[in-house]
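Chemist: attaching a predicted model along with its sequence, questions to come.
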Amino acid sequence: MHSVLSCLVSDVIGPALIANDLVAAVAGELNHEGGVALREYVRGISLVVEALELQPGDRVLISPLAPSAYRHVFRSKRLVPVFADVNLEDACLNPMSVEKTISNNAALKALFVHAPLGRIPDMNSLESFGLPLVSDIGEALGATDGKCYIGSRGRYVILPMESHGIATAGGGTLVLASNKTALTALDTAARHLSADAFLPDLNASLGLVQWREYPHGLERRDIIAETYRRALMKGNHRTLTEGIGEARSVAFSFPVILSGSMNETIKYARNKGIEALPAFLGRMMDAYPEAEASCPKAKELTMSTVLFPLYPTLSKQSIQLVYKVLSTLP
């Protein structure tokens with residue numbers, strides 16, 4: 001509150017120094033050269049497309065479970081998405097499916113990697129394919145493969161800081177570049193943007209405080225997620241797997257992979273006062289029938305996975321209620 005109010009009473013509340021400080025802080029922590037802070041998630045994806053110099057008709061590889069924002073950008077830029085399937089265990093891109101897809105699509109220009117619901121893609125394998133790699137860590141800020149943050153991987157990193165994010169600026173998206181060459185291309189692409197495309201300092205002041213505090217929020221999320229996992233073990237359902245060994249996933253939300261009816265589960269939770277939602281509603285697969293046909297595992301997860309509320313400020317009473325619902329799911 002102090003940070004935001006201080007910004008409000010300052011002379012400048014548009015894009016200025018605090019937004020630059022936010023970019024510098026995040027880029028430094030994730031070991032990137034620099035970047036830009038924008039108002040909109042879609043604008044951030046679009047800017048990456050321009051920095052990569054992708055042209056209409058170019059084919060790019062992406063998960064069918066990636067957010068629908070990519071659909072809007074790809075259609076406006078007339079890019080052709082090519083889909084690889086995911087792992088049933090963690091909903092991340094399956095490297096074997098990616099390899100097969102690449103072998104059948106020699107003209108692919110880029111690989112967009114979305115970390116779903118805080119899970120950890122196999123970045124080593126995905127980087128080995130040689131395509132320019134873009135990492136979207138909006139749902140996995142703080143996740144690590146045991147050696148580094150997954151946000152440290154990729155030519156470009158997209159970090160949405162929307163209201164439901166792990167670290168929020170009340171809206172907006174950071175785009176980070178891994179090296180000087182990538183940053184130069186990003187800055188060149190950003191030159192045509194008007195001033196109102198960039199993140200205002202008012203939002204950045206909130207984002208900067210959230211960035212400093214989000215590790216504490218992750219600890220709270222982990223505690224709640226462990227409580228939920230214990231409840232889920234009492235029934236016949238499961239959640240997505242966590243990282244192996246020293247890898248650490250992030251409890252962005254709490255996904256439950258059902259062994260029964262999704263509609264029945266959602267209705268049961270609602271009757272108990274809990275809002276459970278389809279986990280992958282509004283993803284890329286919804287708009288591309290070919291993704292559903294070629295990615296059966298992604299389709300299976302779409303039809304069987306629901307999300308239960310999990311965020312750091314959940315009250316003890318709410319956590320206990322979700323625990324009871326999870327432990328008695330039909």
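Modeler: Nice, I can see it.

Chemist: how much space between residue 159 and residue 212?
Modeler: 15 Å (Cβ to Cβ, to the nearest Å). For the C-beta atoms, the positions are set from N, CA and C on the backbone; glycine is no exception.

Chemist: next one: residue 60
Modeler: 34 Å.

Chemist: between these two, which is the more surrounded one?
Modeler: Between residue 60 and residue 212, counted using other Cβ atoms under 10 Å, the more crowded position is residue 60 (23 against 12).

Chemist: and that one, what pLDDT?
Modeler: Predicted confidence (pLDDT) for residue 60: 98.

Chemist: so it sits in a strand?
Modeler: Yes - counting by DSSP: H, G, I helix; E, B strand; the rest coil, residue 60 is found in a strand.

Chemist: just confirm it contacts residue 111, I think it does.
Modeler: Yes - contact status for residue 60 versus residue 111: in contact at 7.3 Å, counting by Cβ atoms under 8 Å.

Chemist: and the helices in the stretch 101-250 of the chain?
Modeler: With DSSP state H, counting those that start in this stretch as the criterion, the stretch 101-250 of the chain has helices at 123-127, 180-190, 201-232.

Chemist: could you list every helix and strand that the helix or strand following the last one packs against?
Modeler: Toward the C-terminal end, the helix or strand that comes next after helix 201-232 (DSSP states H and E) is strand 254-257. Contact partners of strand 254-257 among helices and strands, from 3 or more Cβ pairs under 8 Å, 6 or more residues apart in numbering; DSSP states H and E: helix 201-232, strand 305-308.

Chemist: tell me which of those is the most buried.
Modeler: Burial of the helices and strands packed on strand 254-257 is given as mean neighbour count (mean count of other Cβ atoms under 10 Å); strand 305-308 ranks first at a mean of 22.

Chemist: related to what we said a few turns ago, can you say which of the helices of the stretch 101-250 of the chain is nearest to residue 47?
Modeler: helix 180-190 (5.5 Å; Cβ to Cβ).

Chemist: other residues contacting the closest one?
Modeler: The contact list for helix 180-190 (Cβ atoms under 8 Å, 6 or more residues apart in numbering) reads 33-36, 47-48, 50-53, 155-156, 175, 177.

Chemist: at 10 Å instead, please
Modeler: Residues from elsewhere that reach helix 180-190 (Cβ atoms under 10 Å, 6 or more residues apart in numbering): 27, 32-36, 38, 43, 46-53, 132, 154-156, 175-177, 197-198.
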